[in-house]
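Visitor: Task: produce atomic coordinates for the following.
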Amino acid sequence: MSNSIKYSSTRGGESSLSYEDVLLSGLARDGGLFMPEEWPEFSRSDLLEMKHLSYAQLSAKIMKPFVESCLSENELLKICKDTYSVFNKDVAPLYKINKNLHVLELFHGPTLAFKDYAMQFLSRAFNQALHNRSQKCVILGATSGDTGSAALEAFKGKENIDIFILFPHQRVSGVQQKQMTWINEKGAHALSVKTDFDGCQAIVKDCFENLRFKDETSLSAINSINWVRLLPQIVYYFYAALKIGVPDKEIVFSVPTGNFGNILAGWMAKKIGLPISKLICGSNQNDILTRFFNNGSMERKNVLPSYSPSMDIQVSSNFERLLYEINERDTDKVKQQMKDFKSNGYFEITKNQLKKINKLFSAYMVSDEETIEIIKKVYTDYNYILDPHSAIGYGAAQKALNNNIISKDMSVISLACAHPAKFPEIINKSINITPEIPFHLETIMSSKEHFDIIEPSINEVQNFIKSNMRN
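Guide: Prediction:
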């Protein structure tokens, strides 16, 4: 491997870009997503050394090969230490359910959701890169719930950054909305768009594909279409696995996912040397990913509101990165399949390709009714409260065990992606208890809201950005 990893678009239009280039670009100019042209690989001895590192030190070690052309080791470590100083002392604790099943709690950051782990890093990375280049930028993102609050919290008050977050009107939880809309600082804007998450995400992609608008606003992305958003998410896979026996044994991870970013970070962890034997993909009733892993066809349907709103998605943007690997980096194939999906809502892979990826991935759908029952059973059996998204990851793991996809003696880590206090209505419906609200969330819930309601029009969004961005 060379000393400086470069990046290329999944659609072939750009190549040999640096870490800073892909950070500030977000989406490639051809509409594709950036991927590294080569991968580092951590050895068994590297893994053994990692066991003794703090979370910040581990983060710097794992991310170093991907960023070293632009950040020195000391600069990267400083960013990582600063990032995780705003988390609880144990940045990503494991809760032991039973001998072989653990829940990885990824809600110990400022907004009580796993998006904090990447977003807090990303805001500091942007700040450093913009300072290095004496530039300003506009950040545009879409959220199905937690990304928006994590992004606004991380980027608020940055003098060289204006941030605009689109969220689906009346389709996020009350807590999620309040976490976005209580923020009242110059350059930070929450926009309630009269559509679903896929509609918000489509507007964001269209804005990036309008190269004139992108250039005149210096537009960049913080959704997981931005490669650097995924980098910090790789870290907690290593951190958790190292705590329970890696590298002396293999691990299974079960991940609730809608946009495919979180589980893709697990695939990347496997790619660079973490011994993961299985990645279990948990979907809610918007089960486009489950259907794909079962039959090899990606088919868009209507979005159905659910008890797990952050997963109410039918266009899993990050999947294009895995598709690029499935197609052995054939950019023409990827380009055609993504064109078919945009126009017809459908593409498929071959049976051989499906068989190959199913060696690592299994997928299960967990309904709203099952989600309620899982929350109830885990609370009754273990006195532990799962939020509705985390319940889907847990339920998918149970289905994999029941179907003998994984053996009962395998170590399984199920990702808990949000604090249950963010979804009090569903928790109350499940176990007749309202989860305790952390103090800083109480303050937010009593604050005044600041947001604009807007039509689902690319022109309206672009005009709003141009009218409200600072010089």
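Visitor: any residues touching the helix-or-strand element of the chain with minimal mean pLDDT, and which ones?
Guide: In the chain, the helix or strand scored least confidently by mean pLDDT, DSSP states H and E is helix 439-445, which has a mean of 89. The contact list for helix 439-445 (CB atoms under 8 Å, 6 or more residues apart in numbering) reads 110, 112, 175, 178-179, 182, 421, 437. Placement of C-beta: from N, CA and C, glycine included.
Visitor: now stretch 80-90
Guide: 55-57, 59-60, 63, 91, 108-110, 116, 120-121, 124, 232.
Visitor: to the chain's geometric centre, what's the distance from the least confident helix or strand of the chain?
Guide: Mean C-alpha position of helix 439-445 versus that of the full chain (CA atoms, centre = their mean, to the nearest Å) differs by 24 Å.
Visitor: Make 31 the first number, not 1, from now on.
Guide: Yes, from this point I'll number from 31; that puts the last item at helix 469-475.
Visitor: Among the contacts of stretch 110-120, name the buried ones.
Guide: Buried subset of the contacts of stretch 110-120 (neighbour count, 16 or more other CB atoms under 10 Å): 85-86, 89-90, 93, 121, 138-140, 146, 150-151, 154, 262.
Visitor: Between the contacts of helix 469-475, which sits nearest K385?
Guide: L142 (39.4 Å; CB to CB).
Visitor: hey, what's A218 bridged with?
Guide: Beta-bridge partners for A218, by DSSP bridges, are I193.
Visitor: Can you dump the C-alpha atoms of stretch 311-322 in PDB for me?
Guide: Provided in PDB are the C-alpha atoms of stretch 311-322 (Å, rounded to 0.1, in the frame of the first residue of the first chain):
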ATOM      1  CA  CYS A 311     -28.900  -6.300   8.500                       C
ATOM      2  CA  GLY A 312     -32.100  -5.300  10.400                       C
ATOM      3  CA  SER A 313     -34.900  -3.500   8.600                       C
ATOM      4  CA  ASN A 314     -38.300  -2.200   9.700                       C
ATOM      5  CA  GLN A 315     -41.300  -2.600   7.400                       C
ATOM      6  CA  ASN A 316     -39.500  -0.500   4.800                       C
ATOM      7  CA  ASP A 317     -37.600  -3.600   4.000                       C
ATOM      8  CA  ILE A 318     -35.900  -2.800   0.700                       C
ATOM      9  CA  LEU A 319     -32.500  -4.100   2.000                       C
ATOM     10  CA  THR A 320     -34.000  -7.300   3.400                       C
ATOM     11  CA  ARG A 321     -35.700  -8.000   0.100                       C
ATOM     12  CA  PHE A 322     -32.400  -7.300  -1.800                       C
END
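Visitor: what does that stretch rub up against?
Guide: 284-288, 290, 293, 323, 327-331, 333-334, 336-338, 341-346, 349, 391-398, 401, 422-423, 425-427.
Visitor: Same check on stretch 346-356?
Guide: With contacts defined as CB under 8 Å, 6+ apart, stretch 346-356 is touched by 40, 62-63, 65, 231, 235, 253-255, 260, 287-291, 294, 297, 318-319, 322, 328, 361, 364, 367-368, 379, 383, 386-387.
Visitor: and those residues, which of them are in helices?
Guide: Mapping the contacts of stretch 346-356 onto helices (DSSP state H) picks out 231, 235, 260, 291, 294, 297, 318-319, 322, 361, 364, 367-368, 383, 386-387.
Visitor: Which among those residues count as buried?
Guide: So, by 16+ other CB under 10 Å, the buried ones in these are 231, 235, 260, 291, 294, 297, 318-319, 322, 361, 364, 367-368, 387.
Visitor: And these, which two are furthest apart?
Guide: Every pair of these checked by CB to CB; the farthest is K235 and I387, at 24.5 Å.
Visitor: Now, the contacts of stretch 311-322 that are in helices?
Guide: Per DSSP H, the contacts of stretch 311-322 map to helices at 293, 323, 349, 398, 401, 422-423, 425-427.
Visitor: Quick check: the closest residue to P66 other than its chain neighbours vs S497, distance?
Guide: Using CB to CB, 6 or more residues apart in numbering and skipping residues adjacent in sequence, the residue nearest P66 is I35, 5.0 Å away. Using CB to CB, to the nearest Å, I35 is found at 39 Å from S497.
Visitor: Who has more neighbours out of the two?
Guide: Comparing I35 with S497 by other CB atoms under 10 Å, the one with more neighbours is I35, at 18 against 7.
Visitor: show me the residues around that one that make contact.
Guide: 49, 66-68, 70, 95-96, 98-99 are the contacts of I35 under CB under 8 Å, 6+ apart.
Visitor: how about a cut-off of 7 Å?
Guide: Going by CB atoms under 7 Å, 6 or more residues apart in numbering, I35 touches 66-68, 95-96.
Visitor: now, the most widely separated pair of these?
Guide: Across the contacts of I35, no pair lies farther apart than E67 and P95, at 12.2 Å, counting by CB to CB.
Visitor: Checking my notes, V133 in a strand, right?
Guide: Yes - remark: V133 belongs to a strand, assigned using DSSP: H, G, I helix; E, B strand; the rest coil.
Visitor: Who is it paired with across the strands?
Guide: Here V133, judged by DSSP bridges, has bridge partners Y125, S444.
Visitor: gap between the nearest residue to T287 once chain neighbours are set aside and I484?
Guide: Computed as CB to CB, 6+ apart, the closest residue to T287 that is not its neighbour in sequence is I293, at 4.5 Å. In this view, I293 and I484 are 31 Å apart by CB to CB.
Visitor: and these two? which has more neighbours close in?
Guide: Ranked by neighbour count (other CB under 10 Å), I293 and I484 place I293 first, with 29 against 18.
Visitor: got a winner among the contacts of helix 469-475 for most neighbours?
Guide: Neighbour-wise, these (other CB under 10 Å) top out at Q209, 28 neighbours.
Visitor: quick one: what helix or strand has that residue in it?
Guide: helix 204-211 (DSSP states H and E).
Visitor: what is the mean pLDDT for that helix?
Guide: Computed over helix 204-211, the mean pLDDT rounds to 94.
Visitor: Just the CA atoms of it, as CSV, please.
Guide: Written as CSV, here are the backbone C-alpha positions of helix 204-211 (Å, rounded to 0.1, in the frame of the first residue of the first chain):
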residue,chain,number,x,y,z
GLY,A,204,-41.0,15.1,18.6
VAL,A,205,-37.7,14.7,20.5
GLN,A,206,-35.7,14.4,17.2
GLN,A,207,-37.4,17.6,15.8
LYS,A,208,-36.8,19.6,19.0
GLN,A,209,-33.1,18.6,19.0
MET,A,210,-32.8,20.2,15.6
THR,A,211,-35.1,23.2,16.0
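Visitor: No more questions from me, cheers.
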